[in-house]
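A.B. asks: Predicted model, plus sequence, below.
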Amino acid sequence: MLFKTAKIITAIFFLLNSLSLAFADSYEIKKVHCEYFPEGVKVFIEVSSKVTYVPRKLTSPPRLLVVFYPAKISFPQNEIKLKENKFVEKIRLNQETHNSVNIVLDLKNEEYTSNIFFEGLSQLVIDLKSPGRDIIAELLGGEVSPLVPQKKKLQRIILDPGHGGEDPGAIGSGGLKEKEVTLAVAKELAELLKKELGVEVYLTREDDRFISLEKRAELANQWKGDIFISIHANAGFNKKARGVETFFNSRYPQGEGAVEVAARENTSGEASDNISPEAKIILWDMIQARYRKESNELSHIVQKRLSEASGLEDRGVKSAGFYVLRGVAMPAVLVEIGFISNPAEERKLKNKEFRKKIAQGILKGIKDYMEKNP
């Protein structure tokens with residue numbers, strides 16, 4: 001009898017332990033990290049898919065409280081001090097009850113706007129911004145004057161390494177992935193820009209992660225960039241196709257192959273929020289249309305310097321509707337730095353010294369543009 005009781009107790013223990021492990025796996029708060037912008041900060045909270053949340057704004061002192069339930073904290077850190085920014089002083093985490101977690105953002109002032117949403121199934125985003133103007137909202141309301149390009153010294157450049165994460169982009173016959181080349185060139189170019197032109201440089205991604213095309217434009221606008229350069233590698237069914245080309249955004253494609261390039265680079269795009277895709281395309285085009293003259297000029301200057309520096313065939317400047325360029329409130333171009341589908345150009349793109357030539361060509365183009373538009 002005693003033996004049977006012991007077996008039952010042991011079975012119950014293992015059952016409870018299994019349930020506990022299942023609970024922990026399904027309802028974890030796994031990680032918290034932040035991204036900083038000149039006009040805001042984003043807090044990313046990685047959670048299990050079954051976690052729910054309730055936000056509350058608190059005053060005296062100003063705080064933003066988010067209660068997660070059911071939830072368990074799965075890492076030891078209970079306080080995160082943020083680097084210098086004008087929004088959040090620190091983030092505090094507390095296992096408030098056995099099944100609930102409180103995350104508190106200690107704010108520096110009450111002048112902010114917040115947006116809390118899930119990005120995918122396992123990442124909650126707390127987006128804090130200055131209570132400034134929203135470009136899309138102003139267009140919907142009929143205000144367009146803030147979109148008129150302002151004459152000022154160029155000081156902040158946004159580089160956008162194409163693709164990333166689960167989106168590898170084009171893949172060459174030798175195994176080279178477009179996402180690897182674009183990130184390497186962007187990092188090289190960023191260092192050259194900071195060293196030789198003394199400008200601020202932001203990258204839409206600094207590692208191998210997926211970022212939607214809409215978010216790339218959103219980041220560029222949040223950072224208040226002066227120039228936006230999206231970097232890609234070309235591909236085609238014809239393995240003999242070669243050369244470099246530069247695009248600016250337009251609703252109607254111009255130039256040989258422009259439709260095909262836009263279709264391939266737009267495959268990562270997706271609609272979001274409560275604006276229909278058709279309306280959003282029109283709104284985005286209205287924004288970029290205000291910079292089309294500058295974008296056209298920038299694309300011709302960059303293309304000239306890029307073809308000279310790389311020694312690759314000059315395929316010229318073209319235009320098409322690119323999701324990543326629409327909605328960017330600054331002069332914006334997309335450069336195709338060679339054909340990864342061409343074995344000879346794929347080998348060149350694998351070479352670090354050649355990638356440096358590509359970066360130097362784009363650098364010279366930006367420098368020429370800055371000198372023409374002081």
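C.D. replies: Yep, that arrived. Residues are numbered from 1 along each chain as shown.
A.B. asks: contacts, neighbours, all on C-alpha from now
C.D. replies: Fine.
A.B. asks: who touches A184 in this structure?
C.D. replies: A184 sits next to R355 when contact means Cα atoms under 8 Å, 6 or more residues apart in numbering.
A.B. asks: got the contact list for T246?
C.D. replies: Contacts of T246 by Cα under 8 Å, 6+ apart are S299, H300, V302, Q303, G316, V317, K318, V333, L334, V335, E336.
A.B. asks: Wasn't it part of a strand?
C.D. replies: Yes - checked against DSSP: H, G, I helix; E, B strand; the rest coil, T246 lies within a strand.
A.B. asks: quick one: it from R305, how far?
C.D. replies: As judged by Cα to Cα, to the nearest Å, T246 and R305 stand 11 Å apart.
A.B. asks: For the stretch 1-150 of the chain, just list every one of the helices.
C.D. replies: Ranges of helices within the stretch 1-150 of the chain are 2-26, 135-141, based on DSSP state H, counting those that start in this stretch.
A.B. asks: I'd like the average pLDDT over the longest one.
C.D. replies: The average pLDDT for helix 2-26 rounds to 46.
A.B. asks: Could you do stretch 204-223 as well?
C.D. replies: For stretch 204-223, the mean confidence score works out to 85.
A.B. asks: List the buried residues for that stretch?
C.D. replies: 204-205, 208, 210-214, 216-223 (16 or more other Cα atoms under 10 Å).
A.B. asks: which one of those sits closest to I158?
C.D. replies: A220 (6.2 Å; Cα to Cα).
A.B. asks: Now do the contacts for that closest one.
C.D. replies: I158, T204, F228, V328.
A.B. asks: among those residues, which are in strands?
C.D. replies: I158, F228 (DSSP state E).
A.B. asks: Just flag the most distant two among the contacts of A220.
C.D. replies: T204 and V328 (12.7 Å).
A.B. asks: follow-up on the earlier one: what's the closest of the buried residues of stretch 204-223 to I340?
C.D. replies: For the buried residues of stretch 204-223, the nearest to I340 is D208 (18.4 Å; Cα to Cα).
A.B. asks: so how far is L105 from that closest one?
C.D. replies: In terms of Cα to Cα, D208 sits 28 Å off from L105.
A.B. asks: Over to L65?
C.D. replies: For L65 relative to L105 (Cα to Cα), the value is 6 Å.
A.B. asks: what about F354, which SS state?
C.D. replies: Here F354 is recorded as helix under three-state DSSP.
A.B. asks: where does the closest residue to G316 other than its chain neighbours land on pLDDT?
C.D. replies: Distances taken as Cα to Cα, 6 or more residues apart in numbering put E245 closest to G316, at 5.3 Å, once the chain neighbours are dropped. pLDDT, E245: 93.
A.B. asks: how many other residues sit next to the closest residue to Q155 other than its chain neighbours?
C.D. replies: Using Cα to Cα, 6+ apart and skipping residues adjacent in sequence, the residue nearest Q155 is V199, 4.9 Å away. Using other Cα atoms under 10 Å, V199 has 15 neighbouring residues.
A.B. asks: for V199, what are its contacts?
C.D. replies: Contacts here follow Cα under 8 Å, 6+ apart; on that basis V199 touches L154, Q155, R156, I157, L193.
A.B. asks: Next, give phi and psi for it.
C.D. replies: phi -100, psi 160 (degrees, to the nearest 10).
A.B. asks: what's the spacing between it and E180?
C.D. replies: 25 Å.
A.B. asks: Same question for P331.
C.D. replies: Distance of P331 to E180, given as Cα to Cα: 25 Å.
A.B. asks: Tell me which of these two has more neighbours.
C.D. replies: A direct count of neighbours by other Cα under 10 Å for P331 and E180 places P331 higher, at 26 against 21.
A.B. asks: Could you report the pLDDT at that one?
C.D. replies: For P331, the model assigns a pLDDT of 91.
A.B. asks: Run through the residues that contact it.
C.D. replies: D226, I227, F228, Q288, Y291, R292, E294, S295, L298.
A.B. asks: what do you get for G225?
C.D. replies: Per Cα under 8 Å, 6+ apart, neighbours of G225: Q155, R156, I157, I158, M330.
A.B. asks: dump the residue contacts of the first one.
C.D. replies: Residues touching Q155, when contacts are defined by Cα under 8 Å, 6+ apart, comprise G198, V199, E200, G225, D226.
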